[in-house]
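>>> Fold the following, please.
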Amino acid sequence: MSKKPAVLFGLLLFYLFFRGIGSRGLIDPVEGVNASVSLHMAAGGNYFVPKIGEALASGCTMGYWWLSVIALKLFGWSEFAVRFFSALSGLGMVWFSAKAARPYDDDPVRKSWLAACVCAGMTLCFTVSQFASSHAVYSCLMGIALAGIVLSGGNKRRLVMSHSAIAFAFIARGFEGLYLPLLAVLIYCIISEDWDLMRDFFTWPGGIIITLIVSGLYFVTLVITNPEIIHFMRCQNYMYTFGGLPGIAILLFVSFVPFHGFIARAVYEVFPREYPAQKSYDLLMLVWACVFAIAPLLSGDILSMGACVPALSALLGRKIDTWLTQRSFNSLRYCIMFNTLIAVPVLYFFLPFVTHNFPVIDASMMSLIPWGITEGLFFFASWYYTKTRQPRKWARNVSVTALICLMPLAGVFSLSASFFSMRDTGMKLREMVKGNDIVLQYGVNHPSVYFYTLRNSRIISANLTAGVAERKYTAPESAINTLWGGKSRVYLLMPSDFTPDEALPGNIYHITEGQGLLLLSNQ
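Numbers count the residues shown, from 1 in each chain. Next up, the predicted model:
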C-alpha cells in the first residue's frame, strides 16, 4: 500500500473511532463507575485506592483508571477524556492486527491491508473502542503481544514488545492479562511441538526480565498501598446485554458481523487434523483467538472478547490474501454463502422481532436500519466481485464497504446513550449544585452522578452497584423528610414513572425531566 492510501485510511479510521465519543452520556454502571473513579483520582484522590467519592470501589483496571486521569488532566472534565484512550486503543488494535499479519518471509502488503480492514470493520472492535472501560486497552495490548511474537521470527528482540505488552496488560486489566497470553503460547507449542518458540518466549532473558520487573513492581506497590484490592483483581461480571442469555447470544452474534462466513472458513482450513500439527503463524493466531474468546464466556465479561479480534483479523487477512492469490474463489463463495444463510436472516428477520424485549435495540433502531442496509451492501459486493472473478476489486472495495458500515453504527451508541444515560440531568446538576447542597437518588442508582457533580449522593430504595461499597451511603425513605426540611438545598433524582410513597415531602419544586429521570428540589 502506498503512503497516500495509508494516510487516507488512517484519517478515516480516526474520524470513525473518535466521532461522537465526547457528545454522548455515560452508560451506567460500567462507564459511570470507571469515569467516576478516574475523576476522583484526578481531583486529588489516592491513586492506589479507587473510590467514587467516599465509596470504595473494587476492580482490576488500575492502569486504565490512571490513563483516564492523564486524559482528564489533558482534555478537561468531559466524557471525551474518559473515552479517549479507548478510542485510541481501537486504532491500535487495527494497526497491530496489520502488523501481526505480516511475517518477514511473506509479501506483507495486501495481508496487512486486509487484516486492518477486517479488524476495523468488525463490530466488536468498534464496540469496545466506544466505551469508557478497560476492554479496548486490554485488547490493544494483546494485539501488541501477538504482533511481537509473530515478528520475532525475524528478530527475537521483538519479544520484548510482547512481554512489555503482557506486563502492562496485567496493570490495565488484572491477572487475565498476564496468564492468558502465556497460556495461548503454551497451548500452541504443545499442539505443534514448536519447542523453539517455547524456549525463546519463556526463557529469553530480555522479555522475562521486563515482565517480572514491571508486573512485580506493580504487584508489590499494590500490596504496600492497598492490599485489599488484590482480592478483587479478577474479571468482573459487567455485561452490556440487556436481556440475560438471549442478550448475550445477540451480542455474540453481532460482535463478529459481517465476517461470520470468513471466520468459519478460516477456522475450518487452519484447524489441526493431526498431532503434532504443522507449525504455522495461522495456527498460532487460531489458538490465540480461541483462548481469548473462550475465557470471556467463562468469566462472564463478554466485552473482553475484544482481545481475540487482533488475532482473528490477522488470521482472516492472511487467509483471504491466500484465497485471492491462488484465485480460490470457491473458498470465498463458501464464506459468502454462509453469511447469506446465517447472517442475513438473523439481521433482517430475527432482530426486528425482538425489539420489544431489548430496549437498547428499540432505542437505536433509527441507526440500526441504515447499518443493516450498509451490511447488505457488503454482502452484495462480496458476492458480485467473487462471481465476476475480480480479486483486486474485491480486496479494495469490499474492505472499504466494511468500514462504511461503521458510520451508521456510531449512531447506535449515541441513541443508546440518550436512552440509558443521565447526561442532560447530570449537566444540569453540575451547573446548579453549590456548597452544602445535598444530592439524593430515589429509586435509581447512577454511579455517573459523581462524575457529573463531583460529589457524593445518597441512595434511597435502589439496588446497589456491583463492585462499589456504597451500603453505608444508602438512607431510609424517612430520611427524605429530615433532609427536605433542613436549611440545605436538596436535589432529588428519581425515575419519571416512579411512584413514591407517602413519605415524599409536599414542598417540591420541579427542575427538569428527561431521559426517564425527574429532578426535583426543596427550594
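>>> quick one: low-confidence parts of the chain?
1-2, 104-107, 154, 231-247, 348, 351-360, 499-506 (pLDDT under 70).
>>> change it to 50
235-242 (pLDDT under 50).
>>> which residues of it fall in strands?
51-52, 55-57, 438-442, 458-460, 468-469, 490-495, 509-514, 517-521 (DSSP state E).
>>> Quick one: closest of those strands to residue 307.
Set against residue 307 and scored by Cβ to Cβ, those come closest in strand 55-57, at 23.1 Å. C-betas here are computed from N, CA, C, even on glycine.
>>> The closest one: which residues count as buried?
By 16 or more other Cβ atoms under 10 Å, the buried positions in strand 55-57 come out as 55-57.
>>> For the stretch 251-400 of the chain, which segments count as helices?
Here the stretch 251-400 of the chain has its helices, by DSSP state H, counting those that start in this stretch, at 260-270, 281-299, 309-325, 329-338, 344-345, 359-363, 365-387, 391-393, 399-404.
>>> could you redo the ones you listed as CSV and give each row distance to residue 110 and mean neighbour count?
As requested, the helices of the stretch 251-400 of the chain are exported to CSV (distance: least, Cβ to Cβ, whole Å; neighbours: other Cβ atoms under 10 Å):
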stretch, distance to residue 110, mean neighbour count
helix 260-270, 15, 19
helix 281-299, 16, 21
helix 309-325, 5, 27
helix 329-338, 14, 18
helix 344-345, 27, 13
helix 359-363, 37, 18
helix 365-387, 15, 18
helix 391-393, 9, 14
helix 399-404, 10, 20
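>>> Would you mind giving the ones you listed as TSV with distance to residue 208 added?
Formatted as TSV, the helices of the stretch 251-400 of the chain follow (distance: least, Cβ to Cβ, whole Å):
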stretch	distance to residue 208
helix 260-270	29
helix 281-299	20
helix 309-325	22
helix 329-338	40
helix 344-345	49
helix 359-363	44
helix 365-387	44
helix 391-393	43
helix 399-404	38
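>>> Residue 414: which of these is closest?
Nearest to residue 414, of all the helices of the stretch 251-400 of the chain, is helix 365-387, at 7.5 Å by Cβ to Cβ.
>>> who's in contact with the residue at minimal distance from the centre of the chain?
With distances taken as Cα atoms, centre = their mean, residue 128 lies nearest the centre of the chain, 2.1 Å away. If a contact means Cβ atoms under 8 Å, 6 or more residues apart in numbering, then residue 128 has 86, 90, 135-136, 139, 303, 306 as its contacts.
>>> could you redo the last one with a cut-off of 10 Å?
Residues in contact with residue 128, defined by Cβ atoms under 10 Å, 6 or more residues apart in numbering, are 86, 89-90, 93, 134-140, 255, 303-307, 309.
>>> can you check residue 229 too?
Shown in contact with residue 229 (Cβ under 10 Å, 6+ apart): 48-50, 56-60, 62, 222-223.
>>> Quick check on these: which are buried?
Taking 16+ other Cβ under 10 Å as the criterion, what is buried in the contacts of residue 229 is 50, 56-60, 62, 222.
>>> Make TSV from the residues you listed and add distance to residue 393 to it.
Shown next, in TSV, are the buried ones among the contacts of residue 229 (distance: Cβ to Cβ, whole Å):
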residue	distance to residue 393
50	51
56	57
57	52
58	52
59	47
60	46
62	48
222	54
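>>> Out of these, which is nearest to residue 512?
Nearest member of the buried ones among the contacts of residue 229 to residue 512, counting by Cβ to Cβ, is residue 57, at 28.4 Å.
>>> For the closest one, give its distance to residue 211.
Applying Cβ to Cβ, to the nearest Å, the value for residue 57 to residue 211 is 27 Å.
>>> before we move on, what about residue 18?
For residue 18, the distance to residue 211 equals 32 Å [Cβ to Cβ].
>>> Correct me if wrong: residue 78 contacts residue 84.
Yes. With contacts counted by Cβ atoms under 10 Å, residue 78 reaches residue 84, the gap being 9.3 Å.
>>> Please identify which of the two sits among more neighbours.
residue 84 (22 against 16; other Cβ atoms under 10 Å).
>>> Spatially nearest residue to the more buried one, not counting backbone neighbours?
Among residues not flanking residue 84 along the chain, residue 71 sits closest, at 4.4 Å (Cβ to Cβ, 6 or more residues apart in numbering).
>>> My read is that residue 282 contacts residue 321, right?
No. At 11.4 Å, residue 282 does not count as touching residue 321 under the criterion of Cβ under 10 Å.
>>> what's the burial count for residue 221?
A count of nearby residues for residue 221, using other Cβ under 10 Å, gives 13.
>>> Walk me through the domains of this structure.
70-235+243-326, 423-521 (automatic domain parsing).
>>> Export those as JSON lines, with columns for distance to residue 37.
Formatted as JSON lines, these follow (distance: least, Cβ to Cβ, whole Å):
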{"stretch": "domain 70-235+243-326", "distance to residue 37": "10"}
{"stretch": "domain 423-521", "distance to residue 37": "9"}
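>>> Please identify the most buried of those.
Mean neighbour count (mean count of other Cβ atoms under 10 Å) peaks for domain 70-235+243-326 among the domains of the chain, with a mean of 21.
>>> Now do the end-to-end distance for that domain.
The first residue of domain 70-235+243-326 is 48 Å away from its last residue (Cα to Cα, to the nearest Å).
>>> Relative to the whole chain's centre, how far out is it?
Computed by Cα atoms, centre = their mean, to the nearest Å, the chain-centroid distance of domain 70-235+243-326 equals 13 Å.
>>> With stretch 369-382 instead?
24 Å.
>>> now residue 337: how far from residue 399?
For residue 337, the distance to residue 399 equals 20 Å [Cβ to Cβ].
>>> And the domains of the chain: which comes nearest residue 407?
domain 70-235+243-326 (10.5 Å).
>>> how about the contacts of residue 229 in CSV, adding distance to residue 433?
CSV is the format used below for the contacts of residue 229 (distance: Cβ to Cβ, whole Å):
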residue, distance to residue 433
48, 28
49, 25
50, 23
56, 23
57, 22
58, 27
59, 27
60, 32
62, 29
222, 34
223, 38
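>>> which one of these is nearest residue 441?
Using Cβ to Cβ, these come closest to residue 441 at residue 57, 16.8 Å.
>>> if I read this right, the closest one contacts residue 35, doesn't it?
No. Contact status for residue 57 versus residue 35: not in contact, 11.5 Å apart, counting by Cβ under 10 Å.
>>> got any residues that touch both of these two?
Applying Cβ under 10 Å, 6+ apart, one finds that residue 57 and residue 35 are jointly contacted by 65, 447.
>>> Identify the residues contacting residue 79.
Counted by Cβ under 10 Å, 6+ apart, residue 79 has contacts 20-26, 31, 35, 132, 417, 421, 423, 448, 451-452.
>>> what's the distance between the residue nearest to the centre of the chain and residue 345?
Counting by Cβ to Cβ, the separation of residue 128 from residue 345 is 26 Å.
>>> Just give me the neighbour total for residue 10.
14.
>>> how much space is there between it and residue 388?
30 Å.
>>> same deal with residue 185?
Going from residue 185 to residue 388 by Cβ to Cβ gives 42 Å.
>>> Ok, residue 214 next?
Applying Cβ to Cβ, the value for residue 214 to residue 388 is 52 Å.
>>> What of residue 15?
Distance from residue 15 to residue 388, by Cβ to Cβ: 31 Å.
>>> and what of residue 475?
69 Å.
>>> what's the answer for residue 191, then?
From residue 191 to residue 388 the distance is 39 Å (Cβ to Cβ).
>>> from the chain's centre, how far out does stretch 508-518 sit?
Mean-position distance between stretch 508-518 and its chain equals 32 Å (Cα atoms, centre = their mean).
>>> what does stretch 37-45 give?
On Cα atoms, centre = their mean, the centre of stretch 37-45 falls 22 Å from that of its chain.
>>> again with stretch 428-438
Centroid separation between stretch 428-438 and its chain, computed with Cα atoms, centre = their mean, is 32 Å.
>>> then it to CSV, C-alphas only?
Coordinates of each C-alpha in stretch 428-438 appear next as CSV, following Å, rounded to 0.1, in the frame of the first residue of the first chain:
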residue,chain,number,x,y,z
LYS,A,428,-28.0,20.4,34.9
LEU,A,429,-26.9,19.2,38.3
ARG,A,430,-23.3,20.3,37.6
GLU,A,431,-24.5,23.8,36.9
MET,A,432,-26.7,24.1,40.0
VAL,A,433,-25.2,22.2,42.9
LYS,A,434,-23.3,24.5,45.2
GLY,A,435,-21.7,24.5,48.7
ASN,A,436,-23.5,22.2,51.1
ASP,A,437,-26.3,21.2,48.7
ILE,A,438,-27.4,17.5,49.0
